[in-house]
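J.: Sequence and predicted structure are below.
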Amino acid sequence: ITGAYSVAAQAAQLGYLPRLRVAHTSESTVGQIYVPWVNWLLMVSVLTLVFAFRSSAALAFAFGMAVTGTITITTLLFFYYARTKWSTPRWLLYSGAALLLTVDLLFVAANLTKLVHGAWLPLLIGLTAFTVMTTWQRGREVVTAERARLEGSLREFISGLRGGDSPTRIVPGTAVFLNRGNQTAPLAMRANVEHNHVRHEHVVIMSIETEPVPRVAPIDRLAVDDLGYADDGITHVTARFGYMETPDVRGALDHLTPRVTEGRLNLDQASYFLSKIELRRGTEPTMAGWRKRLFVATSYITADAAEYFNLPRERTVIMGSHVDV
């Protein structure tokens, strides 16, 4: 059960699942977490198995396939890692892989003879999880490309503000816009300028990046970019977290100094802006129709962004838009 929590949370951090609400149940142990959505999924799955198979003996073949399948996948991943990270000689790699995989595949083949007696279950679960995760990853790529088109270049947008292309009034205070990177302008910031014709005196555009490591050292946590101008009060901050860490926007902002943010930020009264995207099935051939429906359906389990990024809800503004996939 705890393994399911950890794997699901890390998959969400790496972009293979939507953001999930993760509750940390220990003040001293970072990895001790509880994921409500996964817990409900496990409950429904266990009840389904109990009513379908009725006894633990009937699950013996399913258990055997799960174990031998996991061993085989682990062996393949080990030799892939040995080749890509350790640069192990091919002759040694192939010799070891042939020996171990021969034994592993014999066990898998033995369990395949009981496919209709329950061995199909772990295969179905694995195929379902693989389909959901690859569909979400592909859908994110489509949404990211469409958002980049809608948002436009961030540096051109900042230059337009500085050049007075639009009648924009500067108001006191600090605004923090969460964005995907430093290439495109946040939809919420663009909407605020184009519709309300205002921007804050100090603006921080923050991007959250999840690194393929458990934790990121504090010295490597933040990177600041002045976006070409050192006197307009607008800066971009990249905050890096490991896949076992919980993104904490306020905690990251506390480590910024007035020198890098072009002035002192009033974080106690800062306003946080989020761009909420509503997904709709479009007509473009980006994915198969059933994968579009699966992607949109999966998006409904996405956790609340304000809670996920540890934002103060009373000072968080959500501005919506829609994207066709």
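T.: Arrived safely.
J.: Sketch out the helices for this protein, chain order is fine.
T.: 2-13, 36-53, 60-84, 90-112, 120-151, 154-163, 187-191, 249-253, 289-299, 305-308 (DSSP state H).
J.: With mean pLDDT and mean neighbour count added, can I get these in JSON lines?
T.: For the C-beta atoms, the positions are set from N, CA and C on the backbone; glycine is no exception. As requested, those are exported to JSON lines (pLDDT from 0 to 100; neighbours: other Cβ atoms under 10 Å):
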{"stretch": "helix 2-13", "mean pLDDT": "89", "mean neighbour count": "18"}
{"stretch": "helix 36-53", "mean pLDDT": "91", "mean neighbour count": "12"}
{"stretch": "helix 60-84", "mean pLDDT": "93", "mean neighbour count": "16"}
{"stretch": "helix 90-112", "mean pLDDT": "93", "mean neighbour count": "13"}
{"stretch": "helix 120-151", "mean pLDDT": "89", "mean neighbour count": "16"}
{"stretch": "helix 154-163", "mean pLDDT": "81", "mean neighbour count": "16"}
{"stretch": "helix 187-191", "mean pLDDT": "84", "mean neighbour count": "21"}
{"stretch": "helix 249-253", "mean pLDDT": "86", "mean neighbour count": "17"}
{"stretch": "helix 289-299", "mean pLDDT": "91", "mean neighbour count": "16"}
{"stretch": "helix 305-308", "mean pLDDT": "80", "mean neighbour count": "16"}
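J.: out of these, nearest to residue 323?
T.: helix 120-151 (4.9 Å; Cβ to Cβ).
J.: Distance from the closest one to the middle of the chain?
T.: Chain-centre distance of helix 120-151: 11 Å, with Cα atoms, centre = their mean, to the nearest Å.
J.: So which elements touch it?
T.: Of the remaining helices and strands, those touching helix 120-151 by 3 or more Cβ pairs under 8 Å, 6 or more residues apart in numbering; DSSP states H and E are helix 60-84, helix 187-191, strand 271-280, helix 289-299, strand 316-324.
J.: 10 Å - rerun?
T.: Using 3 or more Cβ pairs under 10 Å, 6 or more residues apart in numbering; DSSP states H and E, the elements in contact with helix 120-151 are helix 2-13, helix 36-53, helix 60-84, helix 90-112, helix 187-191, strand 271-280, helix 289-299, strand 316-324.
J.: re earlier: how about the helices of the chain, which one is nearest residue 206?
T.: Evaluated with Cβ to Cβ, the helices of the chain place helix 249-253 nearest to residue 206, the distance being 6.2 Å.
J.: List of residues touching that closest one?
T.: Contacts with helix 249-253, where a contact means Cβ atoms under 10 Å, 6 or more residues apart in numbering, come from 174, 176, 178, 204, 206, 208, 221-222, 237-241, 261, 265, 267, 270, 272, 306, 308-312.
J.: tell me the angle of the biggest strand by length in the chain relative to strand 271-280?
T.: Counting by DSSP state E, the longest strand found in the chain is strand 198-211. When axes from the mean of the first three to the mean of the last three Cα atoms, to 10 degrees is applied, the directions of strand 198-211 and strand 271-280 differ by 70 degrees.
J.: can you offset everything so residue one is 36?
T.: Let's use 36 as the start, then, which means that last one is strand 233-246.
J.: can you give me the mean pLDDT across strand 233-246?
T.: In this model, strand 233-246 has a mean pLDDT of 88.
J.: quick one on the thing from earlier: tabulate the helices of the chain (TSV), appending distance to residue 250.
T.: Listed next are the helices of the chain as TSV, based on distance: least, Cβ to Cβ, whole Å:
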stretch	distance to residue 250
helix 37-48	12
helix 71-88	22
helix 95-119	20
helix 125-147	30
helix 155-186	23
helix 189-198	29
helix 222-226	30
helix 284-288	14
helix 324-334	28
helix 340-343	18
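J.: Indicate which one of those is closest to residue 359.
T.: Counting by Cβ to Cβ, residue 359 lies closest to helix 155-186 out of the helices of the chain; the figure is 7.0 Å.
J.: returning to that earlier point: to residue 247, which of the helices and strands packed on helix 155-186 lies closest?
T.: helix 37-48 (9.5 Å).
J.: by contact count, what packs against the closest one?
T.: strand 68-69, helix 71-88, helix 155-186, strand 233-246, strand 269-277.
J.: List just the one of these that sits closest to residue 193.
T.: strand 269-277 (5.9 Å).
J.: counting contacts, what elements does the closest one pack onto?
T.: helix 37-48, helix 189-198, strand 204-214, strand 233-246, strand 257-260, helix 284-288.
J.: Return the set of buried residues in the third one.
T.: Within strand 204-214, the residues that count as buried by 16 or more other Cβ atoms under 10 Å are 209, 210, 211, 212, 213, 214.
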